[in-house]
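Enquirer: what follows is a predicted structure for the sequence shown.
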2 protein chains.
Amino acid sequence: MKNILIIGAGRSSTSLIKYVLQLAKDKGCFVTVADADPKRAADQIGDHPNGRSAWLDVLKTNDRKDLISRADIVVSLLPAHLHLEVAHDCIKLRKHLITASYVSQEMYRLGDEARDRELIFMGEMGLDPGIDHMSAKQKIEEIKEKGGKLIAFRSYTGGLIAPESDDNPWNYKFTWNPRNVVLMGQGTAQYLQGGKLRFLPYNRLFEEYRVVNVAGLGEYEVYPNRDSLLYKDIYGLEGIPNILRGTFRPMGFCSAWNALIKIGITDGSYPILNSGDITYHEWMDGYVNSRPGSSVKEKVANLIGENLNSPVMRKLEWLGLFRKKKIKLPNATPALILEHLLLEKWQLSKGDKDMVVMQHEFEYELGGKKHLTESTLILKGENELETAMSKLVGLPMGIFVRLVMDGKITSTGVNIPVMREVYEPVLEELKDFGVVFKERDSIIG
Amino acid sequence: MKNILIIGAGRSSTSLIKYVLQLAKDKGCFVTVADADPKRAADQIGDHPNGRSAWLDVLKTNDRKDLISRADIVVSLLPAHLHLEVAHDCIKLRKHLITASYVSQEMYRLGDEARDRELIFMGEMGLDPGIDHMSAKQKIEEIKEKGGKLIAFRSYTGGLIAPESDDNPWNYKFTWNPRNVVLMGQGTAQYLQGGKLRFLPYNRLFEEYRVVNVAGLGEYEVYPNRDSLLYKDIYGLEGIPNILRGTFRPMGFCSAWNALIKIGITDGSYPILNSGDITYHEWMDGYVNSRPGSSVKEKVANLIGENLNSPVMRKLEWLGLFRKKKIKLPNATPALILEHLLLEKWQLSKGDKDMVVMQHEFEYELGGKKHLTESTLILKGENELETAMSKLVGLPMGIFVRLVMDGKITSTGVNIPVMREVYEPVLEELKDFGVVFKERDSIIG
C-alpha cells in the first residue's frame, strides 16, 4: 500500500494529516490531501516530501473517482451526507474507507459488497463516536472476563474549554460544529433506567439535566443523548437495566440554554420573515411583547422566570440579545441567527486551550458486592488550532490507517471500532499522545 | 373541452366529483376519476353515464401521462408533494391544472411555462387555503373601493364538530388530515401586531392562545398559524400594521393539547425504540417516572401542573394514555402513536355532522371613524361522509372547472384565487350550496 487519500482539510484534520504524513515518511509512501479549497489542503501539507495537495469538488464524479482510483486507503472527513458517494466509489474501485461520522443505514447496506471485495469500511472512528466505543468496549470485556455482571453503563463526553481559557459567563466556547451545538438535543432522548425505557423530550431536556462529578475537575452538568440505546447490543450489554449516554456542559449552562429554548430561538425549521431588517432587540421584542414588564429585557426575564440580574439573564445579556444592533441575516431561521451570534461570542481566541472530557461509569456485581469503576479521560489542546478535539477525532483514524497498512486488520465489511483487533492497538498507541484514561474503583454495595 | 380528469377519489373528493358529474351531464362531456384504489374511484362514479373510473398508480409515468393526455382539465387531489409530477405533464401535454393544496416554490417556477402555453394552473382552490383567500380579498377590495383604510385583518378557520354531534370531552373530532392535526403548529408562528412582527414558538403556541367570539356560536380558542404574513401583498394589504391568520379550536382544547406537548408526545422526529412492546401506561411512565407522585397519572398531573381531576386530566385519561393496553406500533414516533390513538377516539361516528367555521375581521378607518366588519361562515355537514369540509374543499374546484370550460377565465400561469374574475363567480355560486358569509358591522372608535 503506497497511497493514502484524505478528503477534507478543514479544522478537524490537522492532527490526522500530521500523523499520516509522519507515517508516510516512515513507510516511504504518499499522502494526497484533497479539498474544495486548494490553499487549505496545501497549507496542511506544507513542504512535506511525502505529501501533495489536490483540488477536489467532491460532487464532480469523475474528479473524485480519479483521485480515489489512485489511492489504496481513503479517509473521508466530508460532512456525513457526502460519505455515501465516496463509499460507492470505494466499492467499485476496491479501496478501504475510514470516517469519523456516524454510520448511516445506507452505509451499513454496503456491508456485503465491501466484505465480498475484502474491504474494510470503518466508521465512527473519531472521538464521540470513536474513542467512546473503544474505551467502553475494552472495559466491558475486561469486567465480563473477570466474571462481573454489568448492571449499569453510563458514558458522558463533552468538548469544553480548559479552565485557564475560560473567560466568559457561559464557561463555554465552540470546539466543534457550531450548527450541531445550536440544534443539540432536538427530538426525544431515550435511555434505560431500572430496566425501563425513559423518554425526555426537547422541552424538558435542559431542565432535567443531572450533575456528574469528574475526578480532578469537579462538577459538570449532563443532558442525555438521543442515542443511548443504539449501542446496547454492539457493546455486549444485552439485558443490562441501566444505560445512559450524555453530554457534558459546564455548571449553569443547561438552565441558560433552556431559557433560549423557552424564548423560542433554537427553532431551525422556519425563517424569521424580517430578520434582514431588525435588530436583536426588536427580535427579542417580537417574542415577548405581550408579556408583563417595562423593557424587553424585563419581559424576557418574566417569561423565563428569572430575576433581572440572575446568572441566566447575565448570560443572555452577554450574548447581545438585547442590543440595538442589526441582525443583517435575511430570511434566517432563529437557530441560524443564534448560531451567527454565538460564532462571534464563543470562538476560541489566540492561545485558547480547549478540553475534552470523557467519563464512563460501569456498575457491576462481582463476588457478592456491587462495584463502580469510573474511567476518565481529560485532554487539553495546545492552542486554538491544535485542539484536543482535533487530536482525538483525527488520531484514531490515523492509527487505523497504520493498522490497515501493516496488515493487522482481518475484519472486513462496514464496521464501527468495537473489535479487539482495533481497540487494543489504537488505545495503546493513543497513550503515546497523552490520551490516557484514569480509573477509580469503589465498592458501592 | 370534453374531458375532465380527477386524480384521487379519497374522503375529500365526494362533493367535487358529484358537482363535476352534474356539470358533465349538463354539457355533454366526460369525467374520469383515477385512483390507486380502483374500487374507490368506481364507487364515487356509481353508474353515472358521464363518468368512468380508472386505476392509476401516479408514480407510473406512462400511465399517468396517458390519462392526462386524454383530458382537457386536470384536478389533482393528490398529496401535495405529488402535484409537481402532474404539473410537469400538464405543461408538456398542454392541460389546465387545479388543486386545493398550497402552491410550492417549485410550482410557482412553472408560471412562465404555463403562461407561454396559455394554461391556468390554479392552486389553493379549496377551503383554507381557498375560500379564505376569495372571501377576504373580495371584502378587502370592497372596503378599499369605498375609501376605507385597512388597519387590521384577522382571519380564523376551523374544521370542527357540530354541537349536536359533540359527544367527547375534547369537543373535537377529525374532519381533516389527522397527521397534520397532530403536528399542527410545529415551527414558529409569525404575525403582525401594531406594525411589528410577533413570534410565537411551538412551546408557547397553545399556552398563549386567544379567545374569539363567533356570531351565533359563542367563544372559540384561536392559535396563530405560521403563515399569517404570506398573503399580505397578494391580498393588497401592504403597509397594514396588524395581520393574523389563526385556527379555531373549541374552548379548553389548547390547554389540553399543550399538556401533550409538555409531556413530549407530539414529537414526530424520532421513533420510540420499544413502542412495539409496551403499553400506553408504560409509555407515559417513561416520560414522568422520576417525577413526584404515587401513580403515573399523578406524575403526569404534577408535570403539567394540573389537579388529578381537572378538565385537562380528564381529556388525557379519556384518550387512554393511562391504559395498560399495548401500543403495538413498532418503531413509531410519539406523534405517530398519538395519531393512531386519536384516529380511534376522534373519528366521526355514523350520522355525525362536522362544522366548518371561518371568520374574518376587518378593521378600517373611514370618515374619521374606526370600523369593524366581521364576516362569518358557518357550515355543517350532512353526515359523516358528506361533510362540510368535503363540500368546502371540493366545490370551489368544481366551480372553477366550470368557469374554465365556459371560457370565463382570462388569467394564465400559476395562480391562487385572488383575482376578481375567479372569486366573484365562485363565491356567488357557492351561495347556492348554502355557503353564505354573514356580516356584522360596528363602529369601534
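Expert: It's in. Residues are numbered from 1 along each chain as shown, chains lettered A, B, ... in the order given.

Enquirer: going forward, measure contacts between C-alpha atoms and count neighbours the same way
Expert: Will do.

Enquirer: list phi and psi for residue A:376.
Expert: phi -130, psi 130 (degrees, to the nearest 10).

Enquirer: and the nearest residue to it once chain neighbours are set aside, which of the three is it?
Expert: With sequence-adjacent residues excluded and distances taken as CA to CA, 6 or more residues apart in numbering or on different chains, residue A:376 is closest to residue A:359, at 4.4 Å. Three-state assignment for residue A:359 (DSSP: H, G, I helix; E, B strand; the rest coil): strand.

Enquirer: one more: the one 3 residues further on?
Expert: Using three-state DSSP, the structure places residue A:362 in strand.

Enquirer: need the contact list for it.
Expert: Contacts for residue A:362 were tallied using CA atoms under 8 Å, 6 or more residues apart in numbering or on different chains; they are A:140, A:150, A:151, A:152, A:153, A:154, A:371, A:372, A:373, A:374.

Enquirer: quick one: buried residues of stretch A:224-236?
Expert: A:224, A:225, A:226, A:228, A:229, A:232, A:235 (16 or more other CA atoms under 10 Å in any protein chain shown).

Enquirer: filter the residues you listed down to just the ones in strands.
Expert: residue A:224 (DSSP state E).

Enquirer: need the buried residues of stretch A:224-236 in a markdown table with distance to chain B and pLDDT, can you?
Expert: Below are those laid out as a markdown table (distance: CA to the nearest CA, whole Å; pLDDT from 0 to 100):
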| residue | distance to chain B | pLDDT |
| --- | --- | --- |
| A:224 | 13 | 96 |
| A:225 | 12 | 94 |
| A:226 | 9 | 88 |
| A:228 | 11 | 87 |
| A:229 | 8 | 89 |
| A:232 | 12 | 92 |
| A:235 | 17 | 95 |
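
Enquirer: and of the buried residues of stretch A:224-236, the nearest to residue B:128?
Expert: residue A:226 (36.7 Å; CA to CA).

Enquirer: which non-adjacent residue is nearest the closest one?
Expert: Spatial nearest neighbour of residue A:226, excluding adjacent residues (CA to CA, 6+ apart): residue A:189 at 4.0 Å.

Enquirer: before we move on, what about residue A:345?
Expert: Leaving aside its sequence neighbours, residue A:345 sits nearest to residue A:319 (CA to CA, 6+ apart; 6.7 Å).

Enquirer: for the residue of chain A positioned farthest from its centre, helix, strand, or coil?
Expert: Distance from the C-alpha centroid of chain A peaks at residue A:294, with 41.7 Å (CA atoms, centre = their mean). Assigned with three-state DSSP, residue A:294 falls in the coil class.

Enquirer: how about residue A:328?
Expert: Assignment for residue A:328 (three-state DSSP): coil.

Enquirer: write out the residues of chain A neighbouring chain B.
Expert: A:187-188, A:190, A:196-204, A:262-264, A:267-270, A:272, A:274, A:285-287, A:289 (CA under 8 Å from any CA of the partner chain).

Enquirer: which ones among the residues you listed map onto strands?
Expert: Using DSSP E, the subset of these located in strands is A:188, A:190, A:196, A:197, A:198, A:199, A:200, A:201.

Enquirer: I appreciate the help and will end here.
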